[in-house]
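# what follows is a protein structure lacking sequence information:
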Ligand code: ADP
Ligand code: MG
């Protein structure tokens, strides 16, 4: 077979890799310890992949080898020779072609992203973040003057090969001798990195960065990582610091998680879980986790790296591990999916996560508020898409309300504050806190001190059809035409002074004028029983379908046909009384129609459904002209 052996060959690194190496080789980073974490993480990946391969493949080279990682200091008689260390694993190894591709020529979008990030962050945390960009291997050049990777694939007829580079612009590939499966990385340390040729130091780094790698890591003869999975321990034996470290190793997220859920149960299924709710929705760029899903283990052996079936899709921001002894060892993903056992597991896991969110929401509002700001929309999405979760999500919702415009309130807060005899939860839809606070719909609520939920998120209209009631109390939009409210306490004070009362005849005349001016843009014009400080409002006819969704259609710029609404006039408002008198005295005054049009347009804006508010500007200008010229003529 010797004549088949490919001859040694030199390659150039891709341009981005070359730049990356330049940065790594020529700068001295204080956190260069992490090169070891990156190489161990690659070794651990290779071992995991070998494990999966062995579940379905009988043709594995060196099948009996222990799945482990070794880190050794290379002994050298010559004190002055450069120091060397070697990292070995019995993972799935690489063929010659894979060495070339994986460690040098593959198109590296990650390298580009990494370079950008390093430039933006002034390069100070390059080592810390490199693993997030899928180029972690190259971090070895922070400490190495030469790296020699010798690998033998698990494929029975692949020959061993070696990859060598000094971290300049090229690498070299040649045939090699390696009797066993896996990868060995010989690192010749730069003089300024000689400190790494020290077992104590290597142990320290492994403890800090790789303690929970699920394969044994030996330094010399002794195992350096504790390996025993944290989630299989008794929660009372685990220190907060351990959880944090585990979370960082698992996710590469260096912020503390919002919640850590460590729980065990034996019935109805055996399960141990260690799950984390992150504080940020955005994962670190190319974070450790490449797909949604938690890690699924049975008896400490990973059977699925990303199991998406244990949590509903909307909860896929949760990271962590689920381990169940009831799952058979040696199962493939297909056999695990859709079993009764999985459904039970999923129910337990999801219940536990939602319970924890509820606990934080109730007991730790200072933590929950930022969580809500970050993930609130995901919960709303859950409410709309996951009928099963409705009851559990409702208590997690938060709103600004007319009672707490700057703080957030829960539906429970609202219900507790409901006035005696109040049977309905009221909400107003709007585009912003500003606009709903000035909504004419709120007039009667203000005078009756009735609380109104402010639904000001663009997603809220999607939610209202699902959110139709809470704890037996129906939710109603304040623009509901049939809304009847309890008598206001100061009902007497609400009666306008007799002198201001508009005679029915004048009022009806104005109503008629509105109808002819607005035509079929409104279904009806009528007096309002509820308005106080505002001249008009638009209410929705009872039978109008999907009216909360109209706001969305407008936002999406879908073919939006303006919904027809009822225009209500406030008989006691000066604009209305003035206008009615004007209709009586000078019916041909141009200002009458202009004002009616403007009142109608303003109401549409207020509702958040005006198709094109800037179209009002010429009319406003016209009105201002009339108003100012009038101002001059009256001394
Ligand atoms: P990442 O691990 O994010 O893919 P790296 O730069 O750390 O990026 O590694 C590049 C690739 O090299 C890996 O995806 C893998 O295919 C290969 N590789 C690195 N180390 C090993 C190893 N010890 N065993 C097998 N393959 C390896
Ligand atoms: Mg890696």
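Okay, I see it. Note that this is a predicted model, so its numbers are computed, not measured. Ligands and ions are numbered 1, 2, ... in the order given.
# up against ligand 1, what does the chain have?
In this structure, the chain approaches ligand 1 at residues 38, 42-43, 46, 89, 91, 93-94, 102-103, 134-137, 183, judged by CB under 6 Å from any ligand atom. C-betas here are computed from N, CA, C, even on glycine.
# show me which of those residues are buried.
The neighbour-count test (16 or more other CB atoms under 10 Å) marks 38, 42-43, 46, 89, 91, 93-94, 103, 134-137, 183 as buried among the residues of the chain next to ligand 1.
# pLDDT below threshold where in the stretch 101-250 of the chain?
106-108, 121-129, 131-132 (pLDDT under 70).
# point me to the residue of the stretch 51-200 of the chain nearest ligand 2.
Residue of the stretch 51-200 of the chain nearest ligand 2, by CB to the ion: residue 136 (3.6 Å).
# which residues touch that residue?
38, 39, 41, 42, 130 (CB atoms under 8 Å, 6 or more residues apart in numbering).
# next up, the contacts around the first one.
Under the criterion of CB under 8 Å, 6+ apart, the neighbours of residue 38 are 130, 131, 136, 137, 139, 140.
# which residue ranges of the stretch 151-300 of the chain form helices?
With DSSP state H, counting those that start in this stretch as the criterion, the stretch 151-300 of the chain has helices at 199-209, 240-251.
# and residue 144, its phi and psi?
Dihedral angles phi and psi of residue 144 (degrees, to the nearest 10) take the values phi -100, psi 140.
# test my guess that it contacts residue 190.
Yes - with contact defined as CB atoms under 8 Å, residue 144 and residue 190 form a contacting pair (6.6 Å).
# and these two? Which one has more around it.
Between residue 144 and residue 190, counted using other CB atoms under 10 Å, residue 144 has the larger neighbour count: 26 against 19.
# nearest residue to that one in space, please, no chain neighbours.
residue 187 (4.7 Å; CB to CB, 6 or more residues apart in numbering).
# domain parsing for the protein?
Structurally, the chain divides into domains by automatic domain parsing as follows: 9-223, 231-365, 399-495, 496-538+562-628.
# the shortest one: how far from the chain's middle?
How far domain 399-495 lies from its chain's middle: 29 Å, per CA atoms, centre = their mean, to the nearest Å.
# on that earlier part again, by pLDDT, give me the weakest of the contacts of residue 136.
Ranked by pLDDT, the contacts of residue 136 bottom out at residue 130, which has 72.
# residue contacts, that one?
Residues in contact with residue 130, defined by CB under 8 Å, 6+ apart, are 34, 38, 114, 136, 138, 139.
# let's see 10 Å
With CB atoms under 10 Å, 6 or more residues apart in numbering as the criterion, the residues that contact residue 130 are 20, 23-24, 29, 31, 34-35, 37-38, 110-111, 114, 117-118, 136-139, 142.
# any of the residues you listed buried? List them.
Among these, those classed as buried by neighbour count (16+ other CB under 10 Å) are 20, 23-24, 29, 34-35, 37-38, 110-111, 114, 117-118, 136-139, 142.
# which residue is the nearest non-sequential neighbour of the spatially most central residue of the chain?
Nearest residue to the geometric centre of the chain (CA atoms, centre = their mean): residue 281, 2.8 Å. Among residues not flanking residue 281 along the chain, residue 374 sits closest, at 5.1 Å (CB to CB, 6+ apart).
# near the nearest residue to residue 412 once chain neighbours are set aside, how many other residues are there?
Take residue 412 and drop its neighbours on the chain: the residue closest to it by CB to CB, 6+ apart is residue 395, 6.3 Å away. Residue 395 sits with 17 neighbouring residues when counted by other CB under 10 Å.
# residue 395 is in contact with residue 358, isn't it?
Yes - the pair residue 395 / residue 358 is scored as a contact, 6.0 Å apart, by CB atoms under 10 Å.
# export the contacts of residue 38 to a markdown table and tack on secondary structure and distance to residue 626?
Rendered in a markdown table, the data for the contacts of residue 38 read as follows (DSSP: H, G, I helix; E, B strand; the rest coil; distance: CB to CB, whole Å):
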| residue | secondary structure | distance to residue 626 |
| --- | --- | --- |
| 130 | helix | 69 |
| 131 | helix | 69 |
| 136 | helix | 72 |
| 137 | helix | 76 |
| 139 | helix | 73 |
| 140 | helix | 79 |
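# between the residues you listed, which is nearest residue 226?
Proximity to residue 226 was ranked across the contacts of residue 38 by CB to CB; first place goes to residue 131, at 20.9 Å.
# how about residue 597, what does it touch?
By CB under 10 Å, 6+ apart, the neighbours of residue 597 are 514, 517, 518, 521, 616, 619, 623.
# who wins on neighbours among these?
For those, neighbours were counted by other CB under 10 Å; the highest total belongs to residue 514, with 25 neighbours.
# how about the nearest residue to it, chain neighbours excluded?
Closest residue in space to residue 514, ignoring its immediate chain neighbours: residue 525 at 4.5 Å, by CB to CB, 6+ apart.
# helix or strand for the one you found, which one?
When secondary structure is defined using DSSP states H and E, the element that contains residue 525 is strand 522-527.
# which helices and strands does that strand pack with?
Packing contacts for strand 522-527, counted by 3 or more CB pairs under 10 Å, 6 or more residues apart in numbering; DSSP states H and E, involve helix 504-518, strand 536-539, strand 565-569, helix 590-607.
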